[in-house]
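>>> Quick check, what structure comes out for this input:
(chains A and B)
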Amino acid sequence: MTDTPVTDENRYDFRAIEDRWQPVWRETQPFRSSNEGDDRPTKYVLDMFPYPSGDLHMGHAEAYALGDVIARYWVQRGYNVLHPIGWDSFGLPAENAAINRGLDPRGWTEDNIAQQRASMERYACSFDWDRVLATHRPEYYQWNQWLFTRMHEKGLAYRKHSNVNWCPKDQTVLANEQVVAGLCERCDTPVTKKKLNQWYFKITDYADRLLDDLATLEGKWPSKVIAMQKNWIGRSEGADVQFRIEGRDEPIDIYTTRPDTLYGATFMVVAADSDLGAELVEGADAAVKEEFAAYVESVRAASDIDRLATDRPKTGVFLNRYAINPVNGERLPIWASDYVLADYGHGAVMAVPAHDQRDLDFARAMDLPVRLVLDVRDEDGNPVEDPATSGIAATGDGTLINSGDLNGKPKDQAIAEISADLEAKGLGAASRNYRLRDWLISRQRYWGTPIPIVHCDDCGEVRVPDDQLPIELPPAEGLDLKPKGTSPLGAATDWVNTTCPDCGKPAKRDTDTMDTFVDSSWYYMRYLSPNKTDGPFDAEDAKKWAPVDQYVGGVTHAILHLLYSRFFTKALNDMGFVDFDEPFSALLNQGMVQMDGSAMSKSRGNIVRLSEQLDEFGVDAVRLTLVFAGPPEDDIDWADVSAGATAKFLARAWRLARDVSSEPGVDPTTGDAALRAITHKTMHEAAELTESFRFNVVVARTMELVNATRKAIDSGPGAADPAVREAAEAVAVLLSMFAPYCAEDMWSMLGHENVARGGWIDVDESLLVEDTVTCVVQVKGKVRDRLEVPPSISEDDLREQALAAPGVVRALEGADIRTVIVRAPKLVNIVPA
RNA sequence: GCCCCCGUAGCCCAACUGGCAGAGGCAGCCGACUUAAAAUCGGCCCAGUGCGGGUUCGAACCCCGCCGGGGGCACCA
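I've put the predicted structure just below:
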C-alpha cells in the first residue's frame, strides 16, 4: 500500500484528464465555426436538437457521440465545420410542469437548458457554442410568426372548420401525424373527433414534390425512412367519375382506382359525417332523417380505436336517394356509412361489391346485390367462386364481363378505354389522391408561438405586420393554464384586445399557438444567422452553409419532423428565400439504446443512468462504447457491451503516448518500416470507413494499431523509434473522434496542442503497397495451395506458378484441366475436366 | 392484408459488395510478472454463415420458397 505511489503521470486517470481539459476547451472553443476570412471548404453537420427535459440520457449520449464523430472527422480533414446545437423548447412538458408544480414554464425551461448544456460540455460535444438557439425565446419565434405570415400571404396557411383529432386528456387538437394507432402520441389517451375551426398549412399542395423528390435522396437517406415517407404520403392514381343524383341539380364526383368495374357498381356510399351526407338526407322523410341523425351521433362518439378495428361489422343508413350510373343508366341506392371517409377523395364512393372487399362486406350486411364484371381466375385457371357466396371479393386481374362494349377486354386496357371515354363525354377525368392531409398547426395551449393574426369584425383575418412582430406570449402569471379546450391565452384580456392593423378599430388577437413542429421545421436555417434581427436568416450565410450536409437523429422523426422540414424548405424555395429544395442532403439514423433486450422505461425498471455511467467509466469510455458497439443504425443493448473493457483499451492507448521517448518533430521516415505500413494503412482505411459511417470498424482498426504499437515498444524497435511516435500520434488523431479527452491528453504528452485541429496524418501511398501478396490457389473451389507473389504479377505468370504448385499437382492427380480462372494477384481457381 | 429491413462463434460484431469465413472486442481457459491479489503482458478455445432449393469455376453476399425477429402503412375506394 505504501510502496510505489501511483501518480497522474504514469496512470490513466480519466477524472483528472476530464478536469484538465474541460476548462481549456471552454477557453479555446476549438469548434467555433468561422463565417469570414476562412477559405477552408465548409461542412454543415447537424444533430437533431433536444427537448429540454431534465438531464441527458443514454439516447442523447449515443446520438451526440455519433454526430461528434462526423463533425470531428471533417474538422480533422481540414474543413470549416458548422456543428450547432439548440433547444426545441416549446411544448407540453414545460406547460404541464407549470400546471402540476406551479412553476413558470420559462424558468423551468431555462433551468433545464442550463443543465443540459453543462452535461453536453462535460460530454465534450463538439458544438459551436456561439450559435445556440432556443425556440421558446422571442428572438426565435418571432421568425416563426414571420414565416407564418409569408405562408398566409401565399395561401399556404388557412383556417377551416372541420373534424379534427382531439385528445381529451391534453385538451388539445392533434395533427394526424400525432395520432398513433388511435392514441395520443404523447399521453396514450384514445383520440376522439371534434368539429373545430383550426389553422392548417397546405402541405398537400406539395404532396407530389415531397414524394417525387425522395428519389433524389436515394442512397443518402436510409431506405427505411424513404419508404416510410412514401407510405405516409400514400399517392394513389385513379379517376374521378361523375354520377347524377335524382332530385339534385349538381352531379357528384366519386374517386375510384378501378373505373374498369363501373358496370359492377350496385350502390353508392357517402361518408356519414360528410356535408354531402347531411345534404342528401334533407329531402328524405322524417324516419330516415331520424335514423341518419342517430347514426351520425354514434359515429362521432366512436373513438378512433374502435374505427381502426378491421374486423368491425359494417354499419350504415339507406338515405332513400338514388344515383344514376353514367355507363348504363342504372339507379343505384345511396347509403351513408362510416367506412367511407369524409376527407378522402370526395367523401363518396361507387360500391362494387364483387371486386372490393369493403363494399362486399357492406353489401352482405345490407343484403345488396353483387355483380361480377371481371372474370378472375385462381392459380389453376378456374373461375373464382362467386363473391356473393364466398364472401371474398375478386380483387385480382381478369377480363371484363357483363360490361357492354368492354366485354372481353383485359383489366388494364379496360381502365384506359373507359377513362378516355368518360373524359371525352365530360363525365370523368384522371385523378390522384393522397393519404397525406393538410397539416393542422393550431393548438389550444399556452406554451407555444402565438399565431400572428388579428380578427377584426370589419376586415376579417388580418396578418400582423412584420414591424409589430414578435407577438410575445403574455406572462403566464394569473392565467389558468389547465387544459380546457380553448386556449389559455383567451383569458389574457389585455393581450387579446388590440386594434386592427388595417382599420385601427378594436379587434382581437388569435389565441391559438403553433404546433412545435413548426419551430423545428426551419431551425437548421436559423443556426446560420443566429443573431440576425431583420430576418430569419441571411442569404449570404445560407449560400455558404446550407443545405445541411449531414443530419443525425433518431428514426422516431422519420415522418413528422422530416416531412415538415422538407415541406418548409420547398415553400421557402418557392418564395425565393433559399436556392435548394431539400433541407438535409444526407441522413444518419442512430439506433436506440436498450437494456436487457428492451427499451429502457420506468415501468420495466431497466433504466441505465448516463450520469452514473459517466462517473464510473468516464466520458470517453461511454462514448467509445456506444460507437464501438455496432453499426450506428443498430440498436445497442447496454447489457451486451462493456464500458469497463473500453476504458481499459483507452488506458492502453494512453500509455503509448506516455512511453514514446523520441522528440516531437522527429522524422518518421527513419523509423521502423513495418509499423509505419500499419499506421498508414490504418489512417487510409479509417478515412474510408468513417465516411461510410462504419465507425465501429474504425475503432477496431484503431485497436489493432494500438496493439501493433505496443508490440513495437515492448518487443520491437523500441520506444525511441520515430515510427512509434508516428503511430502514437496517429492513435491520438483517430481517438480524437471518439474519446476526445484521452486523445487530447495523449497529444499533449506527445508535445502538441489541440488535437481536434491536429490534422489527419498524411497517408504515404508508397507504404500501402505490399511487397508480396498471398495468392490463394483453388482446385474446383477448394483451397489447395498458397503462393507469395508480387502484387504486379501478370496473369500468365500467375497461372503458370499456380499450375506448378505442389498442392495443386497433388489435387489434380494428372487430371485434364478444363479452365483456369485467374484473378491476379489474389486468386487462381483451377477447374479439372 | 400490403410494403420494407435483418438472421455469421456462448455474446456484440468484421469480411475490400461474388474470391482463403474472422479484423476488433466481451465472456471462458492457460501462462508470464507478483509473497499474494489487482493492474499489465502473452497465448489458446470457439461458427461454415436460420432452413431448403437454384445460378456460378466459385455464394454469407445474387435468385426462388420457407422459418424466426424487427419495423412501417392499414375501411384511403
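
>>> who's in contact with stretch A:63-72?
Here stretch A:63-72 makes contact (CB atoms under 8 Å, 6 or more residues apart in numbering) with A:31, A:43, A:45-48, A:56, A:81, A:83, A:120, A:123-126, A:550, A:552-554, A:588, A:590, A:623, A:626-627, A:632, A:690, A:695, A:736-738, A:740, A:756. To be clear about C-beta, it is placed using only N, CA and C from the backbone, and glycine gets the same treatment.

>>> so what's the closest residue to RNA strand B within the stretch 151-300 of chain A bridging to?
The stretch 151-300 of chain A approaches RNA strand B most closely through A:Ser236 (3.0 Å), counting by CB to the nearest atom of the strand. Note on A:Ser236: beta-bridge partners by DSSP bridges are A:Asn433.

>>> can you pull the contacts of it?
Contact partners of A:Ser236, counting by CB under 8 Å, 6+ apart, are A:257, A:432-435.

>>> which among those end up buried?
The neighbour count (16 or more other CB atoms under 10 Å) marks A:433-434 as buried among the contacts of A:Ser236.

>>> Could you dump the contacts of A:Ser236 into JSON lines with distance to RNA strand B and pLDDT added?
JSON lines is the format used below for the contacts of A:Ser236 (distance: CB to the nearest atom of the strand, whole Å; pLDDT from 0 to 100):
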{"residue": "A:Thr257", "distance to RNA strand B": "4", "pLDDT": "93"}
{"residue": "A:Arg432", "distance to RNA strand B": "9", "pLDDT": "91"}
{"residue": "A:Asn433", "distance to RNA strand B": "5", "pLDDT": "92"}
{"residue": "A:Tyr434", "distance to RNA strand B": "7", "pLDDT": "93"}
{"residue": "A:Arg435", "distance to RNA strand B": "4", "pLDDT": "91"}
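
>>> Make CSV from the contacts of A:Ser236 and add distance to A:Arg159 to it.
Formatted as CSV, these follow (distance: CB to CB, whole Å):
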residue, distance to A:Arg159
A:Thr257, 32
A:Arg432, 25
A:Asn433, 23
A:Tyr434, 21
A:Arg435, 23
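
>>> so of the contacts of stretch A:63-72, which ones are in strands?
Using DSSP state E, A:43, A:45-47, A:81, A:550, A:552-554, A:588, A:590 are the members of the contacts of stretch A:63-72 that sit in strands.

>>> buried sites along stretch A:468-475?
For stretch A:468-475, burial by neighbour count (16+ other CB under 10 Å) applies to A:469-471, A:473-474.

>>> With stretch A:669-681 instead?
If you call a residue buried by 16+ other CB under 10 Å, then stretch A:669-681 has these buried ones: A:671-672, A:675-681.

>>> ok, the ones in strands among the contacts of stretch A:63-72 vs A:Leu563, which is closest?
When these are ranked by distance to A:Leu563 (CB to CB), A:Gly553 comes first, at 13.7 Å.

>>> Settle this for me: that closest one is touching A:Asn589, isn't it.
Yes: assessed by CB atoms under 8 Å, A:Gly553 is found in contact with A:Asn589 at 6.9 Å.

>>> hang on, the earlier thing: list buried members of the ones in strands among the contacts of stretch A:63-72 by neighbour count.
For the ones in strands among the contacts of stretch A:63-72, a burial check counting by 16+ other CB under 10 Å picks out A:43, A:45-47, A:81, A:550, A:552-553, A:588, A:590.

>>> and which of the buried residues of stretch A:468-475 is nearest to RNA strand B?
Minimum distance to RNA strand B across those is 31.9 Å, recorded for A:Leu473 (CB to the nearest atom of the strand).

>>> doesn't A:Ile451 make contact with the closest one?
No: the criterion here is CB under 8 Å, and A:Leu473 misses it with A:Ile451 at 11.5 Å.

>>> Give me the common contacts of the two.
By CB under 8 Å, 6+ apart, A:Leu473 and A:Ile451 have these common neighbours: A:Thr513.

>>> Residue nearest the middle of chain A, spatially speaking?
With distances taken as CA atoms, centre = their mean, the residue of chain A nearest its centroid is A:Ala558 (2.7 Å).

>>> gap between that residue and RNA strand B?
Noted for A:Ala558: a distance of 7 Å to RNA strand B, by CB to the nearest atom of the strand, to the nearest Å.

>>> got the contact list for that residue?
A:Ala558 is in contact with A:224-225, A:228-229, A:589, counting by CB under 8 Å, 6+ apart.

>>> Pull out the buried members of those residues.
Buried by 16+ other CB under 10 Å: A:225, A:228-229, A:589, out of the contacts of A:Ala558.

>>> Please flag which of the residues you listed sit within helices.
A:225, A:228-229 (DSSP state H).

>>> Can you tell me how far A:Phe362 is from A:Asn382?
27 Å (CB to CB, to the nearest Å).

>>> which one of the two has more residues nearby?
It is A:Phe362, of A:Phe362 and A:Asn382, that has more neighbours when counted by other CB atoms under 10 Å, with 23 against 8.
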